[in-house]
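**Q** got a sequence here, can you model it:
(chains A and B, ligands or ions: 2)
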Amino acid sequence: MPEQPDFYTTTGNKSGLWSWIFSTDHKRIGVLYLFSLLVFFSIGAAFGLLMRLELIAPGKTIVEAATYNAFFTLHGVIMIFLFIIPGIPVSLGNFFLPLQIGAGDLAFPRINLLSWWLYMAGGLMALMSLFLGSGPPDTGWTFYAPYSIRTGTNVTMAVSAAFVLGFSSILTGLNFVTTIHRMRAPGMTWFRMPLFVWSLYATAWVQILATPILGITLLLVVTERLFGVGFFDPAKGGDPILYQHLFWIYSHPAVYIMVLPAMGVITEIIPVFSRRTIFGYKAIAFSSMAIASVGYFVWGHHMFTSGMSDTSRAVFSFLTFIVAIPSGVKVFNWVASLYKGSIRVDAPLLFSLSFIFLFSLGGLTGLIMGSLATNVHIHGTHFIVAHFHYVMFGGAGFAFIAGLHYWFPKMTGRMYSERRAKTGWAFLFTGFQLLYFPLFILGWQGMPRRYYDYLPDFHPLNAASTVGSWILAAGLIIIFFNLLRSIRNGGQAGPNPWGGTTLEWRTSSPPPAENFEVAPVVTEGPYAYHHKKDRIL
Amino acid sequence: MNFQSSTQAVDSVFIFIVAISVALLTGIVATMVYFVVRYSRERNPDPENIEGNLLLEIVWVVIPLIIVLAMFFYGWRGFRFMRTAPANALLVKAYASMWRWDFEYDNGRKTDRLIVPSGRPVKLVITSRDVLHSLFIPAFRVKEDAVPGMLTHLWFLPDGTGDYDLFCSEYCGTGHSEMITKVQVMTAEDFRKWRLEAPHEKTGEDVDGVPALLRKKGCLACHSIDGTRKIGPTFKGLFMSRVIVVTGGKEHEVTANEQYLRRSVMEPEADIVKGFPPVMPREKDNLTEEELSSIVGFIKGLRE
Ligand code: HEM
Ligand SMILES: [Cu+2]
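**A** Ligands and ions are numbered 1, 2, ... in the order given. As a prediction, the model looks like this:
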């Protein structure tokens, strides 16, 4: 391969930090996002660990109730709006979407940069809400009215932060949809696109269509707080259930913004490490679109005990069960894609297999919540806390880590230590189970969520969970230490260390600024292993 | 599907779903692990490309679809049972407020724990006096939100005497995790006696000189009148004392005169007393002018 300067050395007319924060190269923006995400994730995780520490025993351990409430609000806001919603699309998606479809950049490189600036502005506002005004917000990340209207804390700032972040998300969605429609390499038909691209496509539509509703809802909250207009507070003639509808009309589809790209990453990794094509390409592609479309109509399952009419509850429960099917289809196709492969369990596949397990467990416990009778009992308890950590952290989070390991050699040109990656995995996986599984039991026994204090009966399992959080933290430190260290110290990776077949592996590692010297011509599907045996390492 | 009680309805649906889920999860994980071992690169150096199989795709759409529809149906039947209170149910009104529960019986009797007879269905009609709360009794597997300006309901069948926990399970502010009380299940005989013994419980009237208003509006959840420090400052000796407050991030000292007291009740976020969290709800829409005057008057009287 002819050696061109990679995109790290091509700084344009800017230098140092400026060559990053004003760059319009999708790869630089991807890396920029990656580090921003890592910073926010660390802050969010720190809040999580502090909460677990507080819950190690009943009564006060380290902080007062009001502080605990601010912790879970900030933890939720950061993890949802600053980490897992932007997450994979803005980092791995930004970097690899153009590469995978053989394009030189996204359709709108400057809008891409603007998204990052909005993201940072929103992030800083969220953090500032901790220190400015009359105290950190204490509503939970859901900002339920009328509490969010009445509390004296700095909710206005936190809500505005989420509003700004929404714009960042919408712009990324627009950019991705346009890019996928207009910039595919010659010969790359829709069904020759890598499935990661399909998942980003489905996600982008959800970002565009659902996010504005959140924006409007949050604006209404701010209007009500500042000007006393009664939208949601019954004391002013408003309706608190209306707030919940509006909030979940966005926030349920947002769950798919988190998990669809994660599924896309898993779908990329499995064929590469089993050296065979994916099983059921179209089924996987269509199931992404099915999830993205049916996903709009199930928001009411967050409201089964809200006071909404019993008929609506039944309809939402029914639709919720239907939307479980496409996710199941994906799981079955992933497992089938291992059949008669030639499998090597390197770190990316190890994290992907863990994803399948954790996501299935999270998804199956979702059925318990989707069913009306059982939902009544577990709604608002730690069962929910366990469920969404399994899906969002065990699912989306593990897929993110899998993707980071998979594409690390492409992004940096270096290889990390496989042994360290696996040690980190062992800690993370063990810690994860110990941290979150007890919460299912606690929830079933009746411990509500967002509880600063709890009855002594709940003590042993809470203590176990806290110990789990320490093991998990050790895992995270090992994993990120390994990756960060290898950016400089890792061995040379070469252009295609895994023997991948998608287009990004045809560029050098790291890729040159313009990605491809000449646009690649595509003649077959993305996972064409059948005649590539000779290329296999 | 014959359900006897909400506990039994929820548990049977739960066991049904969990049994199927455990089977599915075991199947998925076992197959996955088997493939990874059986088709490892050492054992199987030559992979085979299998692009898909339409029949299999149909199978794993249709079978799961049937399974989830069964789950939906069972859950919905259980739910319908749980939503339809028998005609002979004992009706009790439940009022949630930050951060306490109040129950009111048909003869006007009021309590702060839920007292019910064993063996007779109980129907709760629930509402809130301020923000959202949720009435949750784990032992009976029932829960329903308390929504201001709206009546919601649930019912359950207490069987066997004893005390059961009742939690608030919709986040409602600083005292959320303390918004706990008990369901006390008595024998039918004891309950009958209890019901007749005192038609009016203390909470309806002034007790030991404390206006009922303070309890009713929930002030006492956070403020004491005897000098104890709770979530908010005590009322004792507050009037005309020197208070250090934080206004817009800046500290300064004020005298707690009548005007200050009034404003602190109506717009508590304006000045925050140093060392206390800014969590007090605005009472602006919650108190009438007379109520405010009577509360401020009472606080004045607590001057040492
Ligand atoms: C270091 C790892 C983490 C720990 C120790 C942790 C721990 C916790 C704890 C203790 C709670 C509060 C439970 C309660 O009182 O209700 C919580 C809530 C939450 N967590 Fe995490 N968590 C971690 C990672 C994550 C990740 C990766 C995500 C998302 C991607 C996440 C999303 C959330 C959300 C949305 C809430 C709900 C906040 C609310 O109730 O408003 N967490 N977490
Ligand atoms: Cu409450």
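
**Q** what about B:Val33, how many neighbours?
**A** Using other C-beta atoms under 10 Å in any protein chain shown, B:Val33 is surrounded by 13 other residues. Yep, even glycine has a C-beta here, placed from its N, CA and C like the rest.

**Q** and what of the one 5 residues further on?
**A** Other residues lying near B:Arg38 total 14 when counted by other C-beta under 10 Å.

**Q** give me the three-state assignment for the closest residue to it other than its chain neighbours.
**A** Nearest non-adjacent residue to B:Arg38, counting by C-beta to C-beta, 6 or more residues apart in numbering or on different chains: B:Asn44, 7.2 Å away. Three-state call for B:Asn44 (DSSP: H, G, I helix; E, B strand; the rest coil): coil.

**Q** how about the contacts made by B:Asn44?
**A** A:340-343, B:38 (C-beta atoms under 8 Å, 6 or more residues apart in numbering or on different chains).

**Q** you'd agree B:Thr187 is up against B:Ser118?
**A** Yes. Using C-beta atoms under 8 Å, B:Thr187 is in contact with B:Ser118, at 5.8 Å.

**Q** ends of stretch B:273-281, what's the gap?
**A** Chord length of stretch B:273-281, first to last residue, is 14 Å (C-alpha to C-alpha, to the nearest Å).

**Q** that one near ligand 2 anywhere?
**A** No. Using C-beta under 5 Å from the ion, stretch B:273-281 stays clear of ligand 2, coming no nearer than 11.9 Å.

**Q** who's in contact with that stretch?
**A** A:64-67, A:134-135, A:138, A:150-153, B:98, B:130-131, B:173-174, B:222, B:231-233, B:243-246, B:251, B:268-269, B:272.

**Q** one more pass at 6 Å, please.
**A** A:66, A:134-135, A:150, A:152-153, B:173-174, B:232-233, B:243-246, B:268, B:272 (C-beta atoms under 6 Å, 6 or more residues apart in numbering or on different chains).

**Q** can you pull the pLDDT of the residue in the stretch 101-250 of chain A that ligand 2 sits nearest to?
**A** Relative to ligand 2, the nearest point of the stretch 101-250 of chain A is A:Tyr147 (9.2 Å; C-beta to the ion). On pLDDT, A:Tyr147 comes in at 86.

**Q** neighbours of it, how many?
**A** 26.

**Q** ok, A:Ala464 next?
**A** For A:Ala464, using other C-beta under 10 Å, the count is 17.

**Q** do the same with A:Phe71
**A** A:Phe71, neighbours per other C-beta under 10 Å, totals 21.

**Q** so who does it touch?
**A** A:Phe71 neighbours (C-beta under 6 Å, 6+ apart): A:47, A:50-51.

**Q** now narrow those to whatever sits close to ligand 1.
**A** Restricting the contacts of A:Phe71 to those near ligand 1 by C-beta under 6 Å from any ligand atom leaves A:Met51.

**Q** residues in contact with the helix or strand encompassing A:Ala399: which ones?
**A** For A:Ala399, the host element (DSSP states H and E) is helix A:398-412. Taking contacts as C-beta under 6 Å, 6+ apart, the residues outside helix A:398-412 that touch it are A:88, A:92, A:262, A:265-266, A:269, A:347-348, A:351-352, A:354-355, A:415-416, A:487, A:493, A:497, A:504, A:509.
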